[in-house]
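S.K.: here's a sequence, model it:
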Amino acid sequence: MSLREDFAKNIVAVLKNMQDPKPALVTREPFDVEKIAITQFPAILVQTTTEVRNDISMNISRQGYISYTVRAFVRGTELDTKVNDIVERIEETLDEDRTRGTNNRDMVTRVSSIQRIERLSPLAEVIVNVDVRYRYNKGST
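M.R.: Here you go, the predicted model:
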């Protein structure tokens, strides 16, 4: 399996186990937020987006930067507070193991940006962009 797939699976797994506000739904499969049950909120969609690779040495060592979008959806009242709470919790949860389960010191996970998406009440959406920097040997991903 590829590293990018391993990282995506790890992100989903840790977000499924995050604490309050604990998401009811965490998936990599797109869904229609307008059609999911109220009991499935907060809901999170994780998707792999871009990847950039660089040679570190002329021989075999490379470095990659892979980005994931974590789209979080909340529902109800006090939407701004709910958005702020879930963003904080996502970042704290991902920071607990910035190596995405590899224990590799050359790996770093960071939240690179946060963007609020306009939605009609009682829904709110926020996109948390997550970058993973990692090193690997050519032919090993």
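S.K.: what ranges does the chain have for its strands?
M.R.: Assigned by DSSP state E, the chain shows strands spanning 25-27, 43-55, 61-75, 108-117, 123-137.
S.K.: okay, now residue 17: neighbour count?
M.R.: Neighbour count for residue 17, taken as other Cβ atoms under 10 Å: 12. Heads up, the C-betas are built off the backbone N, CA and C, glycines and all.
S.K.: how close does it get to residue 118?
M.R.: 30 Å (Cβ to Cβ, to the nearest Å).
S.K.: again, but for residue 62
M.R.: With Cβ to Cβ as the criterion, residue 62 and residue 118 are 39 Å apart.
S.K.: how about residue 85?
M.R.: 19 Å.
S.K.: looking at those two, which is more packed in?
M.R.: Neighbour totals were compared for residue 85 and residue 118, and residue 85 leads with 16 against 6 (other Cβ under 10 Å).
S.K.: quick one, what contacts the residue lying closest to the more buried one once chain neighbours are set aside?
M.R.: For residue 85, ignoring the flanking residues on the chain, the nearest one in space by Cβ to Cβ, 6 or more residues apart in numbering is residue 21 at 5.5 Å. By Cβ atoms under 8 Å, 6 or more residues apart in numbering, the contact set of residue 21 is 42, 74, 82, 85-86, 89.
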